[in-house]
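Enquirer: Sequence first, then the predicted structure:
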Amino acid sequence: MPNPHGDTERFDEIFRPVRNELEGVGSMLPQVAERIDAVSMKPASRRVAWSLAACLAISAAGALFGWRFFHPSSQPSRELAVANVEQDLTLKVGDDELFEHFTAILDHRFVVVIWSYRGNGITATPASAGEIQTGRYRLATLHEARLADGRTFVCSLLVPDDDAKVILEPPSIYARSADHGIIACSVSPRAATREELANAIRSAGVNGKEEIGVEDILRRIREQIH
Amino acid sequence: MVEPDEELVQRSRRGDVQAFSCLVERYEQPAMVVARSILRSWHDARDAVQDAFVVAFTQLKRLWSPHKFGAWFMRIVRRQALLHLRRRTRRSRQLVPLPAELVNEPAINQTSCGEAALLIARLPEQECVVVSLRHIKELSVGEIAGITGRPIGTVTKQLSRAYARMRQWLDGAR
């Protein structure tokens, strides 16, 4: 059984050279303290840098948000909205063009479409053709007029079949083209006021002797129905 | 009355630099012995131990058992010493070898000091801390118990186990 006190003395003696050499090495406390000071500054400065970066990012995002929403010239979506005000939907097939200006539901049932077309040898159903069946609708051309810019203005009335649902089964307008056959365009009817219908007729370019008013349309609708 | 490691660690975590200075003063010499056994140079050992203290300070919040600071720190010291050794080996490969007469430096107690340092460094961390505090810092068993937060009996047992190991190594070397 080894004597613990003997061990202590023995190892004290063994480690004496180490202790002696260590005495000459000196303390490293000043150097460690200096390095720790430098290190402990780093996280703080990093935090400051991150905070600054976050503030800048938030400010930039806020400025961009404000600029996009409050600066009129920076709103491409606003320009699109202006285009929508005109209610024009253009369908181009080669040189042939078909414009839907306005589509309204009248009396919860009858669909009036203000539209026009332009192209080589393109024609729509003439007013003289009377009422013809197209799908789930009976189509009648209420008014037709040649405009100065080469377009042909058309006001069509579409009367749905008794079991047809206008919103779920929207009607189509179509024209026959010499080059491309039938060009059809599905329309999206919506409820509209008299003023809106009048504006749509004006914006379609109808004026002068070709002018047709809302009252004319309503009268012709009544004639057509009865 | 010595302040336990646990309290010094807790104070250091709260940013008390003075408390960490106490830990540096307490462990710098044991750490130097461990680092020297790996690097075989006091100069390199000093650099490695400085790095180890900086690493320990930055990672102090990751130490789950503050009363085990000594053993935890010795692990850091070993890792840092090995990193320095690797760096030094890489560097020495790029150097032109010096003439033989300059390489043979007049070392006093070179072998015995190196062997003694190696004895401590080979011990498990807990025993390494206890032996180095006892024989390098020349603290009493009671003081070591106060520092490590263990009962005196436990410290005595650890010392006995460490002595037995070292005796075996010394006897085996002969």
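Expert: Cool, got the structure.
Enquirer: Output the lowest mean pLDDT helix or strand found in the chain.
Expert: In the absence of a named chain, chain A is used. Taking mean pLDDT, DSSP states H and E as the measure, the helices and strands of chain A show their lowest mean at helix A:76-85, namely a mean of 38.
Enquirer: other chain: chain B
Expert: With mean pLDDT, DSSP H and E as the measure, the helix or strand of chain B carrying the lowest mean pLDDT is helix B:100-103 (a mean of 40).
Enquirer: Quick check: next helix or strand after that one?
Expert: Moving toward the C-terminus from helix B:100-103, the first helix or strand encountered (DSSP states H and E) is helix B:110-122.
Enquirer: for that next one, the distance to its chain's centre please.
Expert: Between the mean C-alpha point of helix B:110-122 and the mean C-alpha point of its chain there is a distance of 12 Å (CA atoms, centre = their mean, to the nearest Å).
Enquirer: Tell me the buried residues in whichever helix or strand comes after that helix?
Expert: Where DSSP H and E defines the elements, the next helix or strand beyond helix B:110-122 is helix B:125-135. By neighbour count, with 16 or more other CB atoms under 10 Å in any protein chain shown as the criterion, the buried positions of helix B:125-135 are B:125-135. Using the backbone N, CA and C atoms, a C-beta is placed for each residue, glycine as well.
Enquirer: So which elements touch helix B:125-135?
Expert: Taking 3 or more CB pairs under 8 Å, 6 or more residues apart in numbering or on different chains; DSSP states H and E as the contact definition, the neighbouring helices and strands of helix B:125-135 are helix A:4-14, helix B:17-39, helix B:69-94, helix B:110-122, helix B:141-148, helix B:152-173.
Enquirer: so where does residue A:23 fall, helix or strand?
Expert: Counting by DSSP H and E, residue A:23 is found in helix A:16-25.
Enquirer: right, is that helix up against chain B?
Expert: Yes: on the criterion CB under 8 Å from any CB of the partner chain, helix A:16-25 is in touch with chain B at A:17-22, A:25.
Enquirer: which of these has the most neighbours?
Expert: When these are compared by neighbour count (other CB atoms under 10 Å in any protein chain shown), residue A:18 ends up highest, at 26 neighbours.
Enquirer: Just confirm that one contacts residue B:118, I think it does.
Expert: No: with contact defined as CB atoms under 8 Å, residue A:18 does not count as touching residue B:118 (10.2 Å).
Enquirer: could the helices and strands packed on helix B:125-135 be laid out in CSV, adding mean pLDDT and mean neighbour count?
Expert: Below are those laid out as CSV (pLDDT from 0 to 100; neighbours: other CB atoms under 10 Å in any protein chain shown):
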stretch, mean pLDDT, mean neighbour count
helix A:4-14, 81, 14
helix B:17-39, 91, 23
helix B:69-94, 84, 17
helix B:110-122, 77, 19
helix B:141-148, 91, 20
helix B:152-173, 89, 15
